[in-house]
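**Student:** Quick one, fold the following:
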Amino acid sequence: MKNFTEKIAITGGKYRGRKISTPGGKTHPMGSRERLALFNMLGAVCEGAVVLDAFAGSGALGCEALSRGASFVVFVDKSPEAVQTIKSNLMELGINEGFKIIKGSFPQIFPQADLESFGNFDIILADPPYDKFGELKLDFLSGILKKDGVLVLSHPGEAPELDDLKFVKTHTYAAAHISVYTKF
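**Tutor:** Numbers count the residues shown, from 1 in each chain. Alright, predicted model coming up:
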(Lines give C-alpha, C1' and ligand atoms only; values in the text may rest on other atoms or scores of the structure.)
Protein backbone atom coordinates (compact mmCIF):
# COMPACT_ATOMS: atom_id res chain seq x y z
CA MET A 1 0.00 0.00 0.00
CA LYS A 2 1.31 3.44 -0.92
CA ASN A 3 1.79 5.87 1.95
CA PHE A 4 2.35 9.01 -0.06
CA THR A 5 -0.06 11.76 -0.90
CA GLU A 6 -0.16 13.82 -4.04
CA LYS A 7 -1.52 17.27 -4.72
CA ILE A 8 -4.36 17.85 -7.16
CA ALA A 9 -5.81 21.15 -8.33
CA ILE A 10 -9.40 22.37 -8.09
CA THR A 11 -10.55 22.75 -11.73
CA GLY A 12 -13.08 25.60 -11.51
CA GLY A 13 -14.93 28.17 -9.46
CA LYS A 14 -13.57 30.43 -6.74
CA TYR A 15 -10.87 27.94 -5.62
CA ARG A 16 -9.73 27.15 -9.19
CA GLY A 17 -6.06 26.24 -9.32
CA ARG A 18 -5.75 25.78 -5.55
CA LYS A 19 -4.08 22.50 -4.57
CA ILE A 20 -5.50 19.92 -2.19
CA SER A 21 -4.01 16.66 -0.90
CA THR A 22 -5.06 13.08 -1.46
CA PRO A 23 -4.98 10.51 1.35
CA GLY A 24 -2.71 8.09 -0.52
CA GLY A 25 -3.04 4.38 0.16
CA LYS A 26 -5.67 2.69 -2.00
CA THR A 27 -7.50 5.95 -2.64
CA HIS A 28 -7.39 6.96 -6.29
CA PRO A 29 -8.86 10.42 -6.86
CA MET A 30 -10.78 11.20 -10.02
CA GLY A 31 -8.47 12.88 -12.55
CA SER A 32 -8.68 16.58 -13.25
CA ARG A 33 -9.95 16.01 -16.81
CA GLU A 34 -12.78 13.83 -15.50
CA ARG A 35 -13.64 16.27 -12.68
CA LEU A 36 -13.75 19.15 -15.14
CA ALA A 37 -16.03 17.16 -17.47
CA LEU A 38 -18.26 16.12 -14.57
CA PHE A 39 -18.81 19.71 -13.44
CA ASN A 40 -19.27 20.92 -17.02
CA MET A 41 -22.07 18.31 -17.28
CA LEU A 42 -23.68 19.71 -14.12
CA GLY A 43 -23.34 23.32 -15.23
CA ALA A 44 -25.32 25.80 -13.15
CA VAL A 45 -27.10 23.00 -11.23
CA CYS A 46 -24.33 23.20 -8.62
CA GLU A 47 -25.16 26.79 -7.66
CA GLY A 48 -26.97 26.75 -4.30
CA ALA A 49 -27.22 22.93 -4.28
CA VAL A 50 -27.07 20.60 -1.28
CA VAL A 51 -24.52 17.96 -2.32
CA LEU A 52 -23.45 14.55 -1.06
CA ASP A 53 -19.85 13.56 -1.82
CA ALA A 54 -20.24 9.80 -1.30
CA PHE A 55 -17.05 7.73 -1.07
CA ALA A 56 -15.32 11.10 -0.69
CA GLY A 57 -11.64 10.06 -0.48
CA SER A 58 -9.79 13.38 -0.68
CA GLY A 59 -13.05 15.33 -0.81
CA ALA A 60 -12.05 16.69 -4.23
CA LEU A 61 -15.56 16.38 -5.69
CA GLY A 62 -17.19 18.10 -2.71
CA CYS A 63 -14.52 20.83 -2.72
CA GLU A 64 -15.16 21.35 -6.44
CA ALA A 65 -18.90 21.65 -5.69
CA LEU A 66 -18.25 24.24 -2.94
CA SER A 67 -15.90 26.09 -5.28
CA ARG A 68 -18.68 26.23 -7.87
CA GLY A 69 -21.34 27.58 -5.52
CA ALA A 70 -22.92 24.63 -3.71
CA SER A 71 -24.57 25.83 -0.51
CA PHE A 72 -23.76 22.72 1.56
CA VAL A 73 -21.75 19.52 1.08
CA VAL A 74 -21.83 16.33 3.14
CA PHE A 75 -18.61 14.33 2.77
CA VAL A 76 -18.79 10.60 3.61
CA ASP A 77 -15.88 8.17 3.72
CA LYS A 78 -15.07 5.17 5.89
CA SER A 79 -11.29 5.72 5.99
CA PRO A 80 -9.88 7.68 8.94
CA GLU A 81 -7.07 8.90 6.65
CA ALA A 82 -9.60 10.16 4.11
CA VAL A 83 -11.62 11.96 6.81
CA GLN A 84 -8.47 13.66 8.11
CA THR A 85 -7.44 14.61 4.55
CA ILE A 86 -10.87 16.14 3.88
CA LYS A 87 -10.61 18.21 7.09
CA SER A 88 -7.11 19.38 6.12
CA ASN A 89 -8.19 20.23 2.56
CA LEU A 90 -11.15 22.31 3.73
CA MET A 91 -8.88 24.12 6.18
CA GLU A 92 -6.28 24.69 3.43
CA LEU A 93 -8.96 26.22 1.21
CA GLY A 94 -10.23 28.38 4.09
CA ILE A 95 -13.68 26.77 4.10
CA ASN A 96 -15.07 26.99 7.63
CA GLU A 97 -18.78 26.39 7.06
CA GLY A 98 -21.25 24.85 4.65
CA PHE A 99 -20.15 21.25 5.14
CA LYS A 100 -20.34 18.18 7.34
CA ILE A 101 -17.91 15.25 7.37
CA ILE A 102 -19.19 11.77 8.29
CA LYS A 103 -16.93 8.78 8.86
CA GLY A 104 -18.83 5.70 7.74
CA SER A 105 -19.71 3.25 4.98
CA PHE A 106 -22.73 3.19 2.71
CA PRO A 107 -25.42 2.07 3.37
CA GLN A 108 -24.42 1.21 6.96
CA ILE A 109 -24.32 4.88 8.01
CA PHE A 110 -28.09 5.05 7.75
CA PRO A 111 -29.87 6.03 9.94
CA GLN A 112 -27.19 6.98 12.48
CA ALA A 113 -25.79 9.74 10.23
CA ASP A 114 -29.20 11.46 10.20
CA LEU A 115 -28.77 12.63 6.61
CA GLU A 116 -32.47 13.52 6.59
CA SER A 117 -31.60 16.57 8.73
CA PHE A 118 -30.09 18.06 5.57
CA GLY A 119 -33.18 17.32 3.54
CA ASN A 120 -32.78 15.27 0.41
CA PHE A 121 -29.79 16.05 -1.77
CA ASP A 122 -29.94 18.06 -5.00
CA ILE A 123 -26.78 16.34 -6.25
CA ILE A 124 -25.05 13.11 -5.25
CA LEU A 125 -21.48 12.64 -6.46
CA ALA A 126 -20.46 8.98 -6.14
CA ASP A 127 -16.95 7.83 -7.03
CA PRO A 128 -16.77 4.44 -5.27
CA PRO A 129 -13.68 2.22 -5.37
CA TYR A 130 -13.68 0.27 -8.63
CA ASP A 131 -12.18 -2.83 -7.02
CA LYS A 132 -15.30 -3.20 -4.85
CA PHE A 133 -17.84 -1.83 -7.33
CA GLY A 134 -19.59 -5.17 -7.96
CA GLU A 135 -20.22 -5.58 -4.21
CA LEU A 136 -21.84 -2.17 -3.73
CA LYS A 137 -25.56 -1.69 -3.36
CA LEU A 138 -26.20 1.80 -4.75
CA ASP A 139 -30.00 1.79 -5.03
CA PHE A 140 -30.33 3.39 -1.58
CA LEU A 141 -28.93 6.62 -3.06
CA SER A 142 -32.24 7.27 -4.84
CA GLY A 143 -33.93 7.43 -1.42
CA ILE A 144 -31.87 10.46 -0.38
CA LEU A 145 -31.96 12.26 -3.74
CA LYS A 146 -34.59 14.96 -4.30
CA LYS A 147 -37.16 14.60 -7.05
CA ASP A 148 -35.45 15.93 -10.19
CA GLY A 149 -32.11 15.62 -8.36
CA VAL A 150 -28.95 14.47 -10.13
CA LEU A 151 -26.73 11.48 -9.35
CA VAL A 152 -23.30 11.42 -10.99
CA LEU A 153 -21.69 8.00 -10.75
CA SER A 154 -18.13 7.07 -11.71
CA HIS A 155 -17.96 3.36 -12.55
CA PRO A 156 -16.12 0.68 -14.51
CA GLY A 157 -17.86 -0.90 -17.51
CA GLU A 158 -21.53 -0.48 -18.38
CA ALA A 159 -23.74 2.00 -16.52
CA PRO A 160 -25.72 0.13 -13.88
CA GLU A 161 -29.50 0.34 -13.69
CA LEU A 162 -30.57 2.02 -10.46
CA ASP A 163 -34.05 1.87 -8.90
CA ASP A 164 -36.18 5.04 -9.26
CA LEU A 165 -33.51 6.80 -11.30
CA LYS A 166 -33.59 7.64 -14.98
CA PHE A 167 -30.34 7.14 -16.86
CA VAL A 168 -29.40 10.28 -18.82
CA LYS A 169 -25.95 9.73 -20.37
CA THR A 170 -22.46 8.31 -19.92
CA HIS A 171 -19.14 9.91 -20.81
CA THR A 172 -16.07 7.69 -21.10
CA TYR A 173 -12.51 8.72 -20.26
CA ALA A 174 -10.04 5.82 -20.72
CA ALA A 175 -11.18 3.22 -18.13
CA ALA A 176 -13.44 5.69 -16.29
CA HIS A 177 -17.13 6.02 -17.09
CA ILE A 178 -19.14 8.90 -15.65
CA SER A 179 -22.91 8.41 -15.82
CA VAL A 180 -25.61 10.90 -15.00
CA TYR A 181 -29.02 9.92 -13.61
CA THR A 182 -32.03 11.96 -12.51
CA LYS A 183 -34.75 11.09 -10.06
CA PHE A 184 -38.26 11.06 -11.47
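**Student:** Can you list the residue ranges for helices in this protein?
**Tutor:** For the chain, helices defined by DSSP state H occupy the ranges 32-42, 60-67, 80-93.
**Student:** Need the winner for burial among those.
**Tutor:** For the helices of the chain, ranked by mean neighbour count under the definition mean count of other CB atoms under 10 Å, the leader is helix 60-67 at a mean of 27. Bear in mind the C-beta positions are built from the backbone N, C-alpha and C, glycine included.
**Student:** Report the distance from the longest strand belonging to the chain to the chain centre.
**Tutor:** Across the chain, the longest stretch assigned as strand under DSSP state E is strand 145-155. Going by CA atoms, centre = their mean, to the nearest Å, the spacing between the C-alpha centre of strand 145-155 and its chain's C-alpha centre is 10 Å.
**Student:** Would you agree residue 88 is in contact with residue 22?
**Tutor:** No. When contacts are counted by CB atoms under 8 Å, residue 88 is not listed as touching residue 22 (10.8 Å).
**Student:** picking up where we left off before, take the helices of the chain and write them to JSON lines, including distance to residue 73 and mean pLDDT.
**Tutor:** As requested, those are exported to JSON lines (distance: least, CB to CB, whole Å; pLDDT from 0 to 100):
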{"stretch": "helix 32-42", "distance to residue 73": "13", "mean pLDDT": "91"}
{"stretch": "helix 60-67", "distance to residue 73": "4", "mean pLDDT": "98"}
{"stretch": "helix 80-93", "distance to residue 73": "9", "mean pLDDT": "96"}
